[in-house]
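**Q** Show me how the following folds:
(2 chains)
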Number of protein chains: 2
Amino acid sequence: MIPESHPRYQSLITREQMAQGARSGVVSLEGLTAHGRGEAFDYLLGERTSPSAAEAERVAAALLMTADHPVISVNGNTAVLCAEAIASLQMVTDAVVEVNLFHRTEGRVDLVTAFLQDAGCNVLEGPVSRFIPLDHDRGLCHEEGIAAADVILVPLEDGDRAEALTRMGKKVIAIDLNPLSRTAQTATLPVIDEVTRAIPAITRDFRLLGTDEADRLVKALDGKKYLREAVVTIQKRLEYVLD
Amino acid sequence: MIPESHPRYQSLITREQMAQGARSGVVSLEGLTAHGRGEAFDYLLGERTSPSAAEAERVAAALLMTADHPVISVNGNTAVLCAEAIASLQMVTDAVVEVNLFHRTEGRVDLVTAFLQDAGCNVLEGPVSRFIPLDHDRGLCHEEGIAAADVILVPLEDGDRAEALTRMGKKVIAIDLNPLSRTAQTATLPVIDEVTRAIPAITRDFRLLGTDEADRLVKALDGKKYLREAVVTIQKRLEYVLD
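**A** You can find the predicted model right below:
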C-alpha cells in the first residue's frame, strides 16, 4: 500500500489505478508507458490547470454545445482514469460515447465498454467498419458514432488518428499533456491539461455557458495559441525551479 | 519487428524490452509507467548524454573509487534495461549489488536477483531489516549492503528513499532523467541521463580515472550545477520547438 504521507500520493494512487486497469485488461501495457509520458508533462505543467487550459476547456464546451453530432471517443486509459466524469459529460452534452482503441481487440473493446457502462455511460455498440482512412483496425469506428461526428472529443489520442480525423473535416478536441505531440499539434482545439481535471471542467463550463457566448467562443477559436501558452508555462516552471 | 532504420528504433526496442519485463514479472506495472516518464524527459533532453551529464558520470566514477563501501541499488527497471552493464560496473568497482524494490515482494526480489545473476552480477542475498527510516517494506535493506554503504548508486530511485538515504549520511549518486524530481534534487550527485547510457559511461570513466584525480573531483563536487544545466538543456530544446 502507498502511505498517504508520501508527497506524491495522488500521482502514485493514479499510477496504481492504471496498473489495476492493466491487470484486468482494460489498459494495455503500451497504455501504461503512455500514461507515464503524460505524468512527466503534467509535472512540468505544475500538475494544475493553467489559465490557458481553463480557457481551452471553455472553448471545448462551446464546440460541444454548437455541434450537431458530438462524439466522445474513449480508450482504455481514459476509461480507467475518468469513467464517471465521462458519464457526467455525456449527460449534459448528450454526446455519443464510442470506445476507440489504438491496440484494438474485440475482447478489450468489451472490457472497456463494460467498465464505462458500470460508471453510467451509454456506450454505442454494434458493428464497426473502416471509416477512418488508416491501416488495419485503427480505422475502425461506428457509422452513427465517429464516422458521423462533426465534433469529436479525443482524450489521449494517437497522433495518426487525430490527424486523420481532422483531414476528414471533423473538429477535433484533443486532451493531451504534451504540447509537442502530433495529436496536440493537429487538433482543432488542443486542451493541454490532465484528463481527470479537463473533463469535469468541460462539463462544468457546458452547464454555465449560454448559446450566444458559445457561438462567439467557437468563432474566435485559435488552437495554436494554447500550444504556445503551454510551452511558455513549462518554460516558466523550469525557470522557477532553476532559481 | 521494428526496422533498424526507424528514427525511434532504440526507444521502441527499449519499450518492447520493458513490456517483456512486465510480462515476466521482473518489471512492475508501475515500473512501466515510470519508464514512460523517463521517455518524456529523455525526449526533452534530446535523447543523448549532455556534456554536463558526461561530467557528472566522471564524478560518479570518482565517488565510487573513493568509497569504502560502495553499493549499487538495483530495481526491476534497471535490471531489465542494463543487467550486463551493472555486472561490468560491479567488476571494475567491486561494489555490492543489492536488489531494492519500491514495489517489494519476495517473489519479485527473487526474479530480479536471478535476472541479474544470469547477466553475471554477484547479488547480495539473505535476510533484510528495516534499516532505512521509511514506512513498511520501503525501509528494508541488507545490513552489509545499503545499511553499511558510504556511497550508494541508485539508478531510478523513489524520491522518499533517496532523501532518507541522504539523511542517513550516505553519499547518494542518483541516475534520473527528471532534473526536477525529488530524487535528483536530494541526491549528493544527480546524473541527469538515461540509465543505459549512464552506467557504461561510469564504468569507462572508472577505468580511466587515477586516484588523485578522483580525490580532486570529489572535493569539487557541486550537485546542483548538474540540475541547472539539465534544465537549461530542456529550455533550449523547448525554445527550438516553439520557433
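**Q** Up against chain B, what does chain A have?
**A** A:1, A:3, A:5-8, A:12, A:15-16, A:18-19, A:22-23, A:29-30, A:32-41, A:43-44, A:178, A:180, A:228, A:231-232, A:234-235, A:238-239, A:241-242 (C-beta under 8 Å from any C-beta of the partner chain). For glycine as for every other residue, the C-beta is placed from the backbone atoms N, C-alpha and C.
**Q** 7 Å - rerun?
**A** A:3, A:6, A:8, A:15-16, A:18-19, A:22-23, A:29, A:32-37, A:39-41, A:43, A:180, A:228, A:231, A:234-235, A:238, A:241-242 (C-beta under 7 Å from any C-beta of the partner chain).
**Q** Now a PyMOL select for only the buried ones of those residues.
**A** In PyMOL syntax, the buried subset of those is picked out as below (16 or more other C-beta atoms under 10 Å in any protein chain shown):
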select buried, chain A and resi 6+8+15+16+18+19+22+29+32+33+34+35+36+37+39+40+41+43+180+231+234+235+238
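**Q** mind listing which of the residues of chain A next to chain B are in helices?
**A** Of the residues of chain A next to chain B, the ones assigned to helices by DSSP state H are A:15-16, A:18-19, A:22-23, A:29, A:32-37, A:39-41, A:43, A:228, A:231, A:234-235, A:238, A:241-242.
**Q** Correct me if wrong: A:K170 contacts A:L153.
**A** No: A:K170 lies out of contact with A:L153 (C-beta atoms under 7 Å); the separation is 10.7 Å.
**Q** Settle it for me: which of these two has more neighbours?
**A** More crowded of A:K170 and A:L153, by other C-beta atoms under 10 Å in any protein chain shown: A:L153, with 31 against 23.
**Q** That one: what secondary structure?
**A** What DSSP: H, G, I helix; E, B strand; the rest coil gives for A:L153 is strand.
**Q** which residues touch it?
**A** A:L153 makes contact with A:L64, A:I72, A:S73, A:I173 under the criterion C-beta atoms under 7 Å, 6 or more residues apart in numbering or on different chains.
**Q** The last one and A:E4: what is the separation?
**A** Summarising the geometry, the distance separating A:I173 from A:E4, computed by C-beta to C-beta, to the nearest Å, is 35 Å.
**Q** Repeat that for the second one.
**A** Shown here: A:I72 relative to A:E4, a distance of 33 Å by C-beta to C-beta.
**Q** Please say which of these two ends up with more neighbours.
**A** Higher neighbour count among A:I72 and A:E4: A:I72, with 30 against 8, using other C-beta under 10 Å.
**Q** surely that one meets A:V99?
**A** No: between A:I72 and A:V99 there is no contact under C-beta under 7 Å: 10.1 Å.
**Q** Name the nearest residue to the spatially most central residue of chain A, sequence neighbours excluded.
**A** Chain A has A:P155 as the residue nearest its centroid, 1.3 Å off, counting by C-alpha atoms, centre = their mean. Nearest non-adjacent residue to A:P155, counting by C-beta to C-beta, 6 or more residues apart in numbering or on different chains: A:I175, 4.1 Å away.
**Q** what's across from the one you found in the sheet?
**A** When assigned by DSSP bridges, A:I175 has beta-bridge partners A:P155, A:V191.
**Q** OK, contacts around it?
**A** A:P155, A:L156, A:V191, A:D193, A:V195, A:A198.
**Q** unless I'm mixing things up, the residue nearest to the centre of chain A is touching A:V195, no?
**A** Yes: with contact defined as C-beta under 7 Å, A:P155 reaches A:V195; the gap is 4.7 Å.
**Q** Need the residues touching each of these two.
**A** In contact with both A:P155 and A:V195: A:T78, A:I175, using C-beta under 7 Å, 6+ apart.
**Q** so where do the helices sit in chain A?
**A** For chain A, the helices defined by DSSP H occupy A:9-24, A:29-44, A:51-65, A:76-93, A:106-118, A:159-167, A:182-186, A:195-208, A:211-219, A:223-242.
**Q** Any figure for the gap between the closest residue in space to A:T78 that isn't next to it in sequence and chain B?
**A** Distances taken as C-beta to C-beta, 6+ apart place A:P155 nearest to A:T78, at 4.5 Å, with adjacent residues excluded. As for A:P155, its distance to chain B is 17 Å (criterion: C-beta to the nearest C-beta, to the nearest Å).
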